[in-house]
Structures are given as C-alpha cells and as structure tokens.
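Engineer: How does the following fold in three dimensions:
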Amino acid sequence: MKYRIWIPVLYTCFLLLMIGCDTVVPEAPAEKDLLDGPIPGLTHEEQDQFLKGDIAFNDDVFTPQTGLGPTFVATSCGSCHPGDGKGHPSTSLIRFGQTEPNSPINAPGAPQLQNRAIPGYQPEKLPEGVPSMKMTPPAVTGLGLLAALTDQQILENTDPNDEDGDGISGVPNYVTPPDYFIPEDHYQPENGKYIGRFGKKASAVNLLHQTATAYNQDIGVTSTFEPLDVYSGLTTDPEVSDQVVRDVVFYLKTLKAPIQRKPQNPLVLKGKGIFTTIQCSSCHTPQWTTPETDITALSNKTFYPYTDLLLHDMGPELDDGATEGSAETYEWRTPPLWGLGLSPDSQGGKYFLMHDGRAESIEEAILMHGGEAQNSRDQFQLLSPEEKEALIMFLESL
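Structural biologist: Purely as a prediction, here's the structure:
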C-alpha cells in the first residue's frame, strides 16, 4: 500500500523534471550555424572513416606519454581549430627562415617556432633579427572541394602580367612537395614543383602534406611521413600511425562546406552586388565546380568558397619579410570567405582576421587591403554607410 502513496509524488517530480529540462537545456544550433559535420552523400564506410578522423582531430589530446613535443605549439588539432573554425591569436603559429622566393630555409629551428615545451625542456626562441610570419589558424571546412579542383582550373585565373589591365595578377605558389607526395593526373608541375593550395601562403600541396606537417611542426609528433623530431632533428619511431593521419585527412576532405545564412535577404543581395561592383570578386572567386573525384560526394559539385587559391600582392603593410615556396614576402593566398560570419564563434566572440588576426572587424580587414586590392579598398571607402552595411551583412552571411 505504501508504494501507491509514492506514485503520484514520483509522477509529479517527473513532470517537473521534464518541464525544467525544456526550460534549462538550450536548443541545438541550426545546421547553417555550425561548421562541423560531413558533406552529404557519404557511404556508410566513408561515414565510419569520417567519424574516426573526427575523433582524432577533435578529441585526441597528446601528452608527453603519447608523443607530445618535447617542444610544440598545441596539444591537439582541435585546440587550434575549435569547432573546425578559425583559431584565436593565442594559438597562432610563427614561421620563419625563408626571406626570398625559392631560396633555402636558413635559420636555426626553422621553418616553425615551437613556443611551448613539456617539463624539463626549454621552448624554442625566435632567432634575433630573423623576419617571421605570424599566422592564425584558418577554418578547415570545405577543404575537400578545394582539393578536388584541377590545377588547370586554378591556372585559368592567373594573370601574372596583368594582361587584362584590371590591376589584378594572381599567381600560384609553386612549392617542392615532400617525398611522400603522390602526384595525381590533374596536377601540372613546373620544374619539379607543384601548386600549393593550403595555408596562408599556399605552402601545402595537398591535405596529406598539410596534416602530416601539422602533426610534426604544431604538436611535435612524428609519423612515417614526417619522421624527424622537431627538437633533436633526429628520426624517431612514429608517434601517430599512418591510419590515424589518413583518417584525419579523410575527415578534412569530407567536412561540409559552410552554409550561407539569409541568402535571399534584400540587404544581403544588395551587398553581394556591391562585392562584385568594387571588384572584391576579382580575387575572391565566388563559384567553382569540382570534376569527377575518387569520392562521389565531392564529384561534380558547385560550391561557393570565395577564393581563387592564388597569391596576390597585398602591399607593404602586409609584408612580413618572410615567405614560403615561390611566394614573395608581400604575397598572400586569397583566403576563402565562406564561414566568415561564424568566425567569432571560434575566436572568443570577436573577429581576428587577416593572416595574423590583426583586424578585429570585417571593415578593418577591408581597410588593410593594399597592393592589388588597393582599388577595391578605395572604392569601399567611397561607399555610403548604407552600402557598407549591406556589403558587410553579405560577408557575414557567408
């Protein structure tokens, strides 16, 4: 009998708990407000590898016992790319050692500063008087679509001698690939060098190059791809397996492209028109279509990254005096603009834009454009406040 007395009480508590959960637990964010998640159309087997790569990228945190360091920049991939978005300046990389295009890397500890160390070791210090580049971590979404493009597609937008007279050149960064690089049919090398696509200077030829280098230079972890320990300069046993590296590469290849928010909003549409009128789209190429690839979900897809993957002269104010590959010190790869409006979500609630995070708003970033982008910056300054608002609203929608 006494159990029957407690039934109404327990039922009432259950109802209060359910009501409380509805009130306290926030709604899940909409898909368009998230950068992570797989590209649609993956097979079951591909989804399984995506999940393994997701865990390795976002959950695996290295310790001294699992291969961290002894000198390093970060302890995991996800700590630099939270939520697969842009990183905060506190997780920036510093690269140095090459001061002229196509010249050898020539500085102790180059090409990257490992500014942290495990107990018992000293973090690396930048050699005195050596020019360096500070780089905030980029977002990593949609990279497989960019990787799927052919070199010919990229080269079609080059204009090194500005033959069309629009003030925009655009050249690829030709880099020497690592030994483990396997060329594919769509690559078009020049004197043994290949077009770089990833990184602020486009210094990585493909996502395996980018990933294996990041494990080594960012986390101090060796692999069969990058076997040299960054501290001693000697080979060590692999500290991350080939399979894990390949799972992360697959994860990066198959992360979805950012989804534009409010694309039909009248102000967004007005801003989109202004973006073209003031020639932002001359470098930030809006649209691409992939060819057939080895991953069906990435094949024949039209997408909107707003980049031409080429290097452009950005003027003396953005010349850091250091470089990579065939890039001049004042040249930077056009960064993709997709996902721009979601950047504060992974950057501590505010913007840190340009290659080193020096711009704390979209307008500041536009006003830092020089060199080939000087004309677009000048035209932006002539816009009315309403036109500037529309342009920025469009950029925030991406």
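Engineer: if I look at Gln347, how far off is Thr289?
Structural biologist: 31 Å (CB to CB, to the nearest Å). C-beta coordinates here come from the backbone N, C-alpha and C atoms, glycine included.
Engineer: Those two: which has the busier surroundings?
Structural biologist: For Gln347 and Thr289, the more surrounded residue by other CB atoms under 10 Å is Gln347, and the numbers stand at 23 against 12.
Engineer: Next up, the contacts around that one.
Structural biologist: Gly85, Lys86, Gly87, His88, Gly357 (CB atoms under 8 Å, 6 or more residues apart in numbering).
Engineer: tell me, what residue is most central in the chain?
Structural biologist: In the chain, the residue lying closest to the centroid (CA atoms, centre = their mean) is Pro138, at 3.1 Å.
Engineer: Helix, strand or coil: sort out that one for me.
Structural biologist: At Pro138 the chain is in coil, as set by DSSP: H, G, I helix; E, B strand; the rest coil.
Engineer: Can you verify my assumption that it contacts Thr91?
Structural biologist: No. Using CB atoms under 8 Å, Pro138 makes no contact with Thr91, being 11.5 Å away.
Engineer: Determine which two of the contacts of Gln347 are furthest apart.
Structural biologist: Greatest spatial distance in the contacts of Gln347: Gly85 and Gly357, 13.1 Å, computed using CB to CB.
Engineer: Tell me the helix or strand right after the least confident helix or strand in the chain by mean pLDDT.
Structural biologist: In the chain, the helix or strand scored least confidently by mean pLDDT, DSSP states H and E is helix 2-24, which has a mean of 58. As assigned by DSSP states H and E, the chain's next helix or strand after helix 2-24 is helix 44-58.
Engineer: Which residues does that following helix contact?
Structural biologist: Contacts for helix 44-58 (CB under 8 Å, 6+ apart): 36, 38, 42, 76-78, 81, 244, 247-252, 254, 295, 297.
Engineer: What degree of burial does Glu386 show, as a neighbour count?
Structural biologist: Other residues close to Glu386 by other CB under 10 Å number 10.
Engineer: now do the one 10 residues further on
Structural biologist: A total of 18 residues lie near Glu396 under the criterion other CB under 10 Å.
Engineer: same question, Asp237
Structural biologist: A count of nearby residues for Asp237, using other CB under 10 Å, gives 8.
Engineer: How about Glu46?
Structural biologist: 18.
Engineer: try the one 10 residues further on
Structural biologist: By the criterion of other CB under 10 Å, Ala56 has 23 neighbours.
Engineer: Next: the one 10 residues further on.
Structural biologist: Applying other CB under 10 Å, we find 13 residues neighbouring Thr66.
Engineer: quick one, strands of the stretch 251-398 of the chain?
Structural biologist: 288-289, 302-303, 311-313, 331-333 (DSSP state E, counting those that start in this stretch).
Engineer: Those into CSV, with extra columns for mean pLDDT and distance to Leu234?
Structural biologist: Shown next, in CSV, are the strands of the stretch 251-398 of the chain (pLDDT from 0 to 100; distance: least, CB to CB, whole Å):
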stretch, mean pLDDT, distance to Leu234
strand 288-289, 98, 42
strand 302-303, 98, 43
strand 311-313, 98, 34
strand 331-333, 98, 33
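Engineer: nearest to Phe62, of those strands?
Structural biologist: Comparing the strands of the stretch 251-398 of the chain by CB to CB, strand 331-333 comes nearest, at 28.3 Å.
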